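Novice: Give the three-dimensional model of this entry:
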Amino acid sequence: MPDSCWGYVHCSDRMVSMIQLFFRFAALLCIGFWADAARPDTADTTAPGILIFIADDLNRDSLPCYGNPDAVTPHIDRLAAEGWRFNNAYTSTAMCAPTRAQLYTGLFPVRNGAWPNHSRVRQGITSMVHDLKALGYRVGINGKRHFKPAASFPFEDVGGNSFNAEAIKKFMHRDRDQPFCLVVASHSPHVPWTEGDPSLFKEDSLSIPPYWLDTPAMRQALTRYYAELHDLDRELGLCLDFLEESGLSQNTLVIFSTEQGAQIPGGKWTCYENGLKIGLLMRWPSRLRAGQGIDAWVHHVDIRPTLVELAGGEADPDLDGESLVPLLDGRTDHHRSVIYGVHTQLGAIGSPTDGYPVRSIRSGPYKLILNLNHHAEYSNALTTRAGEGFWQSWLNAASEGDPRASRLVSRYLHRPPMELYHLTNDPHELDNLAGDPLYRGLRDDLSRSLLQWMESQGDAGIETEKQAPARK
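Specialist: Numbers count the residues shown, from 1 in each chain. Next comes the predicted model:
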């Protein structure tokens with residue numbers, strides 16, 4: 001072969017090698033950029049501080065960072081801007097005690113034992129408190145408890161059951177050589193809505209979502225609700241200020257959760273999206289890039305194993321929760337594929353005498369709800385005590401022949417055995433597709449999947465509802 005030909009071959013080999021190196025370098029760059037979206041270059045590898053701030057009965061869509069045009073929450077907005085906003089975060093029960101038990105134990109409601117409201121977990125159940133203490137953390141709580149027994153939640157008391165700014169500050173600033181986890185559990189904006197200044201909000205300018213009835217009493221109640229939300233935001237702002245003053249803000253993971261939906265129809269005490277879908281924000285300056293909107297489906301039960309892994313431990317593989325660390329590190333943009341809901345009305349204030357068990361499953365854009373005691377008229381503290389006064393205005397409008405009022409009241413009090421919604425087309429769950437023959441196969445598949453999950457959790461539906469008083 002002529003020398004000129006060998007030169008061409010040699011040149012081609014070099015070009016191939018250079019091209020291969022180029023693509024390898026490009027691939028490494030892509031991986032770097034992908035991870036960089038989640039983790040800054042200044043990542044701190046020491047055990048992080050942890051601040052968990054929990055609202056009390058707060059609709060996710062009441063927050064400006066999730067699109068609300070009326071509320072005023074500068075500190076929550078700041079947290080969302082400086083961290084991650086989870087757009088599809090859930091709890092499985094829209095009531096206080098069961099929600100907090102899920103968050104702390106990493107177990108779903110029936111399995112941990114605290115499926116009714118004002119209930120306790122099973123004897124011997126542990127929580128994230130045990131895990132973090134074993135990993136060298138001091139673990140405290142300020143504010144609302146709403147969990148039992150104490151042995152399952154051995155928090156250090158930080159300033160009692162009400163928001164105590166001075167105690168919170170002291171806890172953050174002390175023992176600087178030991179990492180801390182602090183839960184600040186506010187009582188706001190749980191009814192009665194008495195905190196804050198309602199005059200900040202003008203009734204006539206408020207927007208009313210389509211699953212609520214627009215009445216003067218509703219608008220007036222919302223000014224009080226938003227006022228208490230504004231006061232909740234003040235509490236969070238103080239906590240963030242104390243964290244800055246401590247000098248630990250860069251390597252502290254701040255988690256903000258709305259807990260569950262508010263005491264407004266379609267929110268608390270239901271398996272509708274506005275009951276189970278929560279607002280969840282995370283900020284960690286040394287590890288998470290600011291201003292990220294995360295669409296992966298995540299759950300309260302995922303918090304415990306996540307914190308254990310971040311603290312350097314190994315989570316119990318028997319938990320229902322799954323660590324979010326791969327998501328936080330940018331190794332995946334997916335987490336859960338299915339979300340389950342469990343509601344037990346028996347034992348709650350204003351419950352029907354034989355209870356009102358509700359179960360739900362969300363898969364893709366579809367949500368199936370089973371009302372296991374649909375023959376009964378649904379009732380709760382809102383309907384029996386008239387809540388913040390607006391419920392009676394809904395009833396009055398329905399009795400006066402307002403068709404929309406009649407539909408919304410009936411939807412809340414008288415439910416069919418099954419409800420099926422396409423949440424992309426119908427995000428407010430107003431168009432029940434369960435009786436449509438076109439969706440029969442999908443409805444049956446979802447029902448089978450839900451019943452299988454219930455069985456795996458030891459959930460017998462109506463029989464489990466009857467056991468609620470024994471869990472008090």
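
Novice: hey, let's count contacts and neighbours off CA atoms from now on
Specialist: Fine.

Novice: next SSE after the helix or strand of the chain with the lowest mean pLDDT?
Specialist: Between all helices and strands in the chain, the lowest mean by mean pLDDT, DSSP states H and E belongs to helix 3-36, at a mean of 40. Heading C-terminal from helix 3-36, the first helix or strand you meet, by DSSP states H and E, is strand 49-54.

Novice: next one: that next one to chain centre, how far?
Specialist: 14 Å (CA atoms, centre = their mean, to the nearest Å).

Novice: next one: stretch 47-66
Specialist: Relative to where its chain is centred, stretch 47-66 has its mean C-alpha point 8 Å off (CA atoms, centre = their mean).

Novice: Would you work out how far apart the start and end of it are?
Specialist: 30 Å (CA to CA, to the nearest Å).

Novice: What ranges does this protein have for its strands?
Specialist: For the chain, the strands defined by DSSP state E cover 49-54, 84-90, 138-143, 156-157, 180-185, 252-257, 277-283, 292-299, 338-343, 358-363, 366-371, 418-422.

Novice: what pLDDT, on average, does the first one get?
Specialist: Spelled out, that is strand 49-54. On average, the pLDDT along strand 49-54 is 98.

Novice: contact partners of it?
Specialist: 179-186, 236, 248, 251-259 (CA atoms under 8 Å, 6 or more residues apart in numbering).

Novice: likewise the longest one?
Specialist: With CA under 8 Å, 6+ apart as the test, strand 292-299 has contacts from 81, 83-91, 321, 324, 333-337.

Novice: If we use 7 Å, what do you get?
Specialist: Contacting residues not belonging to strand 292-299 are listed as 83-91, 333-337 [CA atoms under 7 Å, 6 or more residues apart in numbering].

Novice: List only those of these flagged as buried.
Specialist: 83-91, 335 (16 or more other CA atoms under 10 Å).

Novice: Among the residues you listed, which one sits closest to Gly160?
Specialist: For the buried ones among the contacts of strand 292-299, the residue nearest Gly160 by CA to CA is Thr91; the value is 25.8 Å.

Novice: mind listing what that closest one touches?
Specialist: 99, 276-278, 299-300.

Novice: measure it to Asp231 for me?
Specialist: Where Asp231 is concerned, Thr91 sits at a distance of 24 Å (CA to CA).

Novice: Residues contacting stretch 120-134, please?
Specialist: Against stretch 120-134 from outside (CA under 7 Å, 6+ apart): 104-105, 112-114, 139, 147-149, 152-155, 304, 308, 471-472.

Novice: circling back to that earlier point, mind putting the strands of the chain into a markdown table with distance to Glu244?
Specialist: Output for the strands of the chain, formatted as a markdown table (distance: least, CA to CA, whole Å):
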| stretch | distance to Glu244 |
| --- | --- |
| strand 49-54 | 12 |
| strand 84-90 | 19 |
| strand 138-143 | 19 |
| strand 156-157 | 22 |
| strand 180-185 | 15 |
| strand 252-257 | 10 |
| strand 277-283 | 13 |
| strand 292-299 | 22 |
| strand 338-343 | 36 |
| strand 358-363 | 39 |
| strand 366-371 | 42 |
| strand 418-422 | 44 |
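
Novice: hey, which of those strands is tucked in deepest?
Specialist: Most buried of the strands of the chain, by mean neighbour count (mean count of other CA atoms under 10 Å): strand 277-283, with a mean of 26.

Novice: what packs against that one?
Specialist: Helices and strands touching strand 277-283, by 3 or more CA pairs under 7 Å, 6 or more residues apart in numbering; DSSP states H and E, are helix 74-82, strand 84-90, strand 252-257.

Novice: I'd like these written out as a markdown table, with distance to Tyr412 and mean pLDDT added.
Specialist: Formatted as a markdown table, the helices and strands packed on strand 277-283 follow (distance: least, CA to CA, whole Å; pLDDT from 0 to 100):
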| stretch | distance to Tyr412 | mean pLDDT |
| --- | --- | --- |
| helix 74-82 | 31 | 98 |
| strand 84-90 | 21 | 98 |
| strand 252-257 | 26 | 98 |
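
Novice: Out of those, which is closest to Tyr225?
Specialist: Among those, helix 74-82 sits nearest to Tyr225 (CA to CA), with 16.0 Å.

Novice: Dump the closest one to CSV, restricted to CA.
Specialist: The C-alpha coordinates for helix 74-82 follow below in CSV (Å, rounded to 0.1, in the frame of the first residue of the first chain):
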residue,chain,number,x,y,z
PRO,A,74,-43.4,36.4,51.5
HIS,A,75,-41.4,33.9,53.5
ILE,A,76,-43.0,30.8,52.0
ASP,A,77,-42.5,32.4,48.6
ARG,A,78,-38.8,33.0,49.4
LEU,A,79,-38.4,29.4,50.5
ALA,A,80,-39.9,28.2,47.2
ALA,A,81,-37.6,30.6,45.2
GLU,A,82,-34.5,29.4,47.0
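
Novice: Report the inter-axis angle for that helix versus strand 277-283.
Specialist: In terms of direction (axes from the mean of the first three to the mean of the last three CA atoms, to 10 degrees), helix 74-82 departs from strand 277-283 by 70 degrees.

Novice: Helix 74-82 packs against which elements?
Specialist: helix 216-246, strand 277-283.

Novice: and the shortest one, C-alpha only, in CSV?
Specialist: In CSV, the C-alpha atoms belonging to strand 277-283 read as follows (Å, rounded to 0.1, in the frame of the first residue of the first chain):
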residue,chain,number,x,y,z
LYS,A,277,-52.3,16.8,47.7
ILE,A,278,-50.0,18.9,49.8
GLY,A,279,-47.6,21.8,49.3
LEU,A,280,-44.0,20.6,49.9
LEU,A,281,-41.0,22.8,49.7
MET,A,282,-37.3,21.9,50.4
ARG,A,283,-34.3,24.3,50.6
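
Novice: Please name the strands paired to that strand in the sheet, noting orientation.
Specialist: Partners of strand 277-283 in the sheet, by DSSP bridges, are strand 84-90 (antiparallel), strand 252-257 (antiparallel).

Novice: picking up where we left off before, now a ChimeraX select for only the buried ones of the contacts of stretch 120-134.
Specialist: Taking 16+ other CA under 10 Å as the burial criterion, the selection of buried members of these in ChimeraX is written as:
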select :104,105,112,113,114,139,147,148,152,153,154,155,304,308,471
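
Novice: Can you tell me which of the contacts of stretch 120-134 end up in helices?
Specialist: 104-105, 112, 304, 308 (DSSP state H).

Novice: Can you tell me which of the residues you listed is closest to Trp453?
Specialist: Asn112 (14.7 Å).
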